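Undergrad: predicted model and sequence below, questions to follow.
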Amino acid sequence: MQNKNNWFEIASLIAVVLGIAFGIILPDYSIYFKFLGDIFLTLLKVLILPIILVSLFLAIAKLPSLATLKQMGTKTFLYYLSTSALAVMTGLIMANIFIFSDDVDVTTTGTANTDFNLIEKIFPSNIFASLANGEILHIVVFAIMLGMAVTTMAAKKKAQLVELADTVYEAIIILVGWILKMAPLGIFSLVWTTISGFSQEMFSSLTSFFIAVAIGLFIHSCISLPAILKIFGKYNPWKFFMEAKQALIVAFSTASSSATLPVSTKVLEEAGVSKRATTFVLPLGATLNMDGSALYQALLAMLFVTMAGMHISFDQQVLIFIFVILSSSGTAGIPSGGIIMMTMVINLLGLENADYYLGLYIMVDRFWDYPTTMINVWGDLIGTKTIDYQISNKE
């Protein structure tokens, strides 16, 4: 499995390099190969709603009961919601400091497609219409509500539904694997097309973006999360880092929070974390808690809005804030799993020439996928350690 992951990473990196080279040397010929990227994107888009619906449903439905959700689950969800919100807020602050500036070269102007009635945007009135129209927030809310309802059902009926959902999720992941096999071709096409339309000013804006991401990730991983562990978990962050470093190394090298889960479980148990915390909090975190991805996606969303020349107000940034928190929870814990979620963000913003921005995302993601995954796992580890202390301390 590791060799397959290595092949994918190497092939994708080569595709990015070739795409950049062809974009610089042969920019006019990219139009003839654009269809490869179009096919890749279309196949990815068809999996967006199924992944969100099934993964979030399973995360809730697998809880033993609503009582469990109330006891351990309340603390867990509060932690994950708080850290994700903190990460997105950090990303938005960095975006407003580094990305929004008067010297960004833009070719189009307009406003972001974020006019909304907050209640209508979040809560579904017709789930089938929401599915047909691709209303992501509706699907997230419905999946959580449905999962909570299933936890109250009789054990036999609940097991049948969970087993069915598990089977569907496994099939979806297989489909993702098949689509990612053609990823190098799709990535090559998208990057080639993207580079062909690049200007020097856009490279300058990417420099600001890289600085913003680096500072944002540093603040969240080295200040915010350790402070939470110190204050609420009453544990030395540096000591815990040394105890958990093996899992962080695996996360960084594989760019997969799911693949890191067994190692994370092992290091936590060796660090004295109770089994009930590791078996409940950690798997849920691998599904729902994506701090690094949330911060990164918030910055990307703001970058794309800026590059498109759109004006975005404070209340529209609030919608991005809510959407990124929820969408990051559906990010697949596999290498490049964020492609699907980023497609959603681009669609939400209503950006013209969406393929261009997704191609830009793929380019920069090859660099940032590794550190953001490591921070995702770091947040899960700190969360499990903190919640274990909170639960044990109250007994």
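TA: Structure's in. What do you need?

Undergrad: flag the helix or strand of this structure with the lowest per-element mean pLDDT.
TA: Lowest mean confidence among the helices and strands of the chain (mean pLDDT, DSSP states H and E): strand 110-111, at a mean of 42.

Undergrad: tell me the pLDDT at Tyr356?
TA: Tyr356 carries a pLDDT score of 78 in this model.

Undergrad: and the host helix or strand of it, how far out from the chain middle?
TA: Counting by DSSP states H and E, the element that carries Tyr356 is helix 354-393. Relative to its chain's centre, helix 354-393 lies at 7 Å (CA atoms, centre = their mean, to the nearest Å).

Undergrad: kindly report the same for stretch 216-232.
TA: Between the mean C-alpha position of stretch 216-232 and that of its chain there is a distance of 19 Å (CA atoms, centre = their mean).

Undergrad: quick revisit: how about the helix holding Tyr356: buried residues?
TA: By neighbour count on 16 or more other CB atoms under 10 Å, the buried set for helix 354-393 is 354-366, 368-391. Quick note: C-beta positions are derived from backbone N, CA and C, even for glycine.

Undergrad: can you check stretch 179-189 too?
TA: By neighbour count with 16+ other CB under 10 Å, stretch 179-189 contains the buried residues 179-180, 183-189.

Undergrad: please apply the same query to stretch 210-217.
TA: 212-213, 216-217.

Undergrad: now that stretch: average pLDDT?
TA: Taken as a whole, stretch 210-217 has a mean pLDDT of 91.

Undergrad: what comes into contact with that stretch?
TA: Contact partners of stretch 210-217, identified using CB atoms under 8 Å, 6 or more residues apart in numbering, comprise 90-91, 93-95, 97-99, 292, 295-296, 299, 364, 368, 371-372, 375.

Undergrad: any of the residues you listed buried? List them.
TA: Listed as buried from the contacts of stretch 210-217 are 90-91, 93-95, 98-99, 292, 295-296, 299, 364, 368, 371-372, 375; burial here means 16+ other CB under 10 Å.

Undergrad: so which residues of the stretch 151-300 of the chain form strands?
TA: With DSSP state E, counting those that start in this stretch as the criterion, the stretch 151-300 of the chain has no strands.

Undergrad: point out where it drops to low pLDDT.
TA: Per-residue confidence for the stretch 151-300 of the chain (pLDDT under 70) gives these ranges: 197-205, 253-256, 258-259, 262, 279, 283, 286-288.

Undergrad: redo that, cut-off 80
TA: 173, 176-177, 179-183, 187, 190-191, 194-206, 250-263, 265, 275-289 (pLDDT under 80).

Undergrad: and the buried ones among the contacts of stretch 210-217, which is closest to Pro226?
TA: Ile375 (12.0 Å; CB to CB).

Undergrad: roughly how far apart are the closest one and Ser274?
TA: Distance check for Ile375 against Ser274: by CB to CB, to the nearest Å, it reads 24 Å.

Undergrad: re the thing from before, what would the buried residues of stretch 179-189 look like in JSON lines with distance to Thr260?
TA: Formatted as JSON lines, the entries for the buried residues of stretch 179-189 read as follows, by distance: CB to CB, whole Å:
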{"residue": "Ile179", "distance to Thr260": "22"}
{"residue": "Leu180", "distance to Thr260": "18"}
{"residue": "Ala183", "distance to Thr260": "21"}
{"residue": "Pro184", "distance to Thr260": "24"}
{"residue": "Leu185", "distance to Thr260": "28"}
{"residue": "Gly186", "distance to Thr260": "26"}
{"residue": "Ile187", "distance to Thr260": "23"}
{"residue": "Phe188", "distance to Thr260": "28"}
{"residue": "Ser189", "distance to Thr260": "31"}
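
Undergrad: separation between the closest residue to Ile97 other than its chain neighbours and Val88?
TA: Of all residues not flanking Ile97 in the chain, Ala212 sits nearest, at 7.1 Å (CB to CB, 6 or more residues apart in numbering). Applying CB to CB, the value for Ala212 to Val88 is 13 Å.

Undergrad: swap in Thr207?
TA: Relative to Val88, Thr207 is positioned 23 Å away (CB to CB).

Undergrad: same question, Phe98
TA: 16 Å.
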